[in-house]
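Engineer: Sequence and predicted model, in that order:
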Amino acid sequence: MVNERKTEGIVRSHFDKYKDLVDIEEQRSDNPKIDKLLKTASKKGSGQGYPEFIITLKENPDLLIVVECKADTSKHESLNRDKYSEYAVDGALLYASYLSKDFDVLAIAVSGESQKDLKVSHYLHLKNEKKAVQKFGDKLLDIDSYLNGYLNSDEKFRQDLYELREYSSELNDTLHHIKIAASERSLLISSILIALTEKAFCKAYKEYDKPEELANALVSTVSNVLRKANLKSENLENLNIQFSFVRTDTALSKEQGVLRDLIDDIDKHINSFQKTHEYFDVLGQLYIEFLRYANSDKGLGIVLTPPHITELFSDLAMVNKDSIVYDNCAGTCGFLISALSKMIKDAKGDMVKEKQIKNKQLIGVEYQAKIFALACSNMYIHKDGKTNIIRGSCYEKDIMEQIKIYKPIIGFLNPPYKADKKQDAEELEFVANNLDVLEPGGTCIAIVPMQSALAQKGEIHELKRQLLQKHTLEAVLSMPDELFYDTGVGVVTCIMIFTAHKPHPINKETYFGYYKDDGFVKRKNKGRVDAFGKWESIKEKWIEAYINRKAKAGFSVNKIVTANDEWCAEAYMETDYSTLSKDAFEKIVKNYMLFKLTNSAL
């Protein structure tokens, strides 16, 4: 006769080993919030729910572990997971659905009476999410493995990113209310994040009685931190100038509690995010939010690349620990941070290699003084790399020669989008500039307005011709129409991929991809988000298609082109009629007419 107490004993024995890290309760909880959530969670449809184990992590009370046991392994999981009282998985998921109203929940289903025949399933159900996702495999793990897997899961990242976006909107409103200029908001945040890396400042900032003293301490701490980090003197001088407004701003240096409360909030909401998701471009994300108010920056053509696209660039270029990556329009260094993330992972804990990566393998150039300050700050916050961020024009001969010394093999860029048709440089000029400093055979990936790919006359056409004279056009990928929705810019873009210093062969086929659906959707107050967790699988499909260069109706095509041709998949690929419906046809026709109208000048 099966005995569920044996199963419970195995689970109890396992988690008892971690009593210094967790609190273990059985059947019900002394926590009134948990007890209230289980009041109506009965597996039989009415009354109180009684999980076998409710486990709370002492250092991370936002995560609950709930365990449901069955002695008979045939009662591990039902076909539809709706027989809550009979099956372990079904019951665990039921409890998680109730508890997830206020907690992130790891639901564990365990069946079997001995270690030998034990069945284990794990499901992560995050707070306010509709469904749980399976994680962690089929064995009971130690608490640290559960905690790290939870904190670093794609699901937790999406949840944290939503919360960061919500907070960034609130923070923007706060800074607007206290009259911090839109152009200085990101600088203020970056100065606070840098100061919070200094232990002495973390301990002392709450003790300052006078706002002016705290403002001075903040700026002095930032300057000292960057000086000790061996920042070049001219760069340090520029950063000191950019951060100096903190000392004189009325709200920050005169009003009691304003700066202190900001530091508290930023430590709680942004610094904690940064510690968990180490190589995510937090400053870039905040800057996107602040751009909504910064009309002057939009006038400069600044359009920050969404983080999932900077990540895509590194995957397309197959960045590894030996890559040397250059961005001649660095902005807040989103591309370099994404590359850094892949390079560090590939180093696999080799500390010597990690130091070399940060000191010698990431190079950027930024022209705008304020954005240069953000770039240096951002690279410092991400544990160095700021020493190779150069302020100036990427066209300056001295700077180009300086870049060539590093022998970059990968170039990334999102150039300033042309605002003044007469004065501003064409986007393809920046692409040519990036290619010029790459090593022969190097890879350049750029995201540019679609009109750069379509031009068949004029200056852009001539730039296309010059590019093909020197370099090989490997691929052009049409991007989602509303990719830059979050920055309030309606430009339609494509990604161009070149091989440097190898003239485009006459009979060379270029790969064209219709990469229009990235799975992101628009959400009120959140912008474009990966609400349904589709991006990872879509990205894998995109990368696989690019690597193998296979033609697929409605998605991709290989075509021999010259500068006289349109460089986009839409011009050449076959239609996949199997997916065509009346609604889809009407939508495509409307989009095409709108596209023709908005590009009538071409």
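Structural biologist: On my side now, so go ahead. Residues are numbered from 1 along each chain as shown.
Engineer: how about low-confidence regions in the stretch 251-400 of the chain?
Structural biologist: Scanning the stretch 251-400 of the chain for pLDDT under 70 picks out 288-289, 291-303, 383-387.
Engineer: For it, just list every one of the strands.
Structural biologist: 325-327, 362-366, 389-391 (DSSP state E, counting those that start in this stretch).
Engineer: Sheet-wise, list the partners of the last one with their directions.
Structural biologist: The one in question is strand 389-391. Partner strands and pairing direction for strand 389-391 (DSSP bridges) are strand 362-366 (parallel).
Engineer: Which one, of the strands of the stretch 251-400 of the chain, ends up nearest to Leu171?
Structural biologist: Among the strands of the stretch 251-400 of the chain, strand 362-366 comes nearest to Leu171, with 23.8 Å by Cβ to Cβ. The way it works is simple: take the backbone N, C-alpha and C, and place the C-beta from them, glycine included.
Engineer: I'd like to check what contacts that closest one. Which residues are they?
Structural biologist: 324-331, 333, 336, 339-340, 372, 375, 379, 385, 388-394, 399, 403, 406, 408 (Cβ atoms under 8 Å, 6 or more residues apart in numbering).
Engineer: can you tell me which of the residues you listed are in helices?
Structural biologist: Leu336, Ala339, Leu340, Phe372, Ala375, Met379, Ile399, Ile403 (DSSP state H).
Engineer: and those residues, which two are the farthest apart?
Structural biologist: Maximum distance among the ones in helices among the contacts of strand 362-366 (Cβ to Cβ): 21.4 Å, for Leu340 and Ile399.
Engineer: who has more neighbours, those two?
Structural biologist: Leu340 (26 against 17; other Cβ atoms under 10 Å).
Engineer: I figured that one hits His382, correct?
Structural biologist: Yes. With contact defined as Cβ atoms under 8 Å, Leu340 counts as touching His382 (6.3 Å).
Engineer: list the residues that contact both of these two?
Structural biologist: Tyr279.
Engineer: ok, then the element right after the helix ranked longest in the chain?
Structural biologist: Ranked by number of residues, the top helix in the chain under DSSP H is helix 154-177. Downstream of helix 154-177, the first helix or strand assigned by DSSP states H and E is helix 182-195.
Engineer: what mean pLDDT does whichever helix or strand comes after that next one have?
Structural biologist: Counting by DSSP H and E, the next helix or strand C-terminal to helix 182-195 is helix 199-204. Taken as a whole, helix 199-204 has an average pLDDT of 90.
Engineer: what packs against helix 199-204?
Structural biologist: Helices and strands touching helix 199-204, as assessed by 3 or more Cβ pairs under 8 Å, 6 or more residues apart in numbering; DSSP states H and E, comprise helix 211-228.
Engineer: And the next helix or strand after the helix it packs on, what does it pack against?
Structural biologist: As assigned by DSSP H and E, the chain's next helix or strand after helix 211-228 is helix 233-243. Using 3+ Cβ pairs under 8 Å, 6+ apart as the contact test, the elements touching helix 233-243 are helix 182-195, helix 211-228, helix 369-381, strand 389-391.
Engineer: Columns distance to Tyr546 and mean neighbour count on top of these, output as CSV?
Structural biologist: Shown next, in CSV, are these (distance: least, Cβ to Cβ, whole Å; neighbours: other Cβ atoms under 10 Å):
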stretch, distance to Tyr546, mean neighbour count
helix 182-195, 33, 22
helix 211-228, 39, 18
helix 369-381, 28, 24
strand 389-391, 29, 24
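Engineer: Nearest to Lys135 among these would be which one?
Structural biologist: Using Cβ to Cβ, the helices and strands packed on helix 233-243 put helix 369-381 closest to Lys135, at 29.3 Å.
Engineer: so the closest one versus helix 182-195, what angle?
Structural biologist: With axes from the mean of the first three to the mean of the last three Cα atoms, to 10 degrees as the basis, helix 369-381 and helix 182-195 are set at 20 degrees to each other.
Engineer: Just the CA coordinates for helix 369-381, please, in PDB.
Structural biologist: The C-alpha trace of helix 369-381 is given here as PDB (Å, rounded to 0.1, in the frame of the first residue of the first chain):
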ATOM      1  CA  ALA A 369      29.300  65.600 -24.800                       C
ATOM      2  CA  LYS A 370      26.400  64.700 -22.600                       C
ATOM      3  CA  ILE A 371      25.900  61.300 -24.300                       C
ATOM      4  CA  PHE A 372      29.600  60.700 -24.100                       C
ATOM      5  CA  ALA A 373      29.300  61.200 -20.300                       C
ATOM      6  CA  LEU A 374      26.500  58.600 -20.300                       C
ATOM      7  CA  ALA A 375      28.600  56.200 -22.400                       C
ATOM      8  CA  CYS A 376      31.500  56.400 -20.000                       C
ATOM      9  CA  SER A 377      29.200  56.100 -17.000                       C
ATOM     10  CA  ASN A 378      27.400  53.100 -18.500                       C
ATOM     11  CA  MET A 379      30.600  51.200 -19.300                       C
ATOM     12  CA  TYR A 380      31.900  51.900 -15.800                       C
ATOM     13  CA  ILE A 381      28.700  50.700 -14.200                       C
END
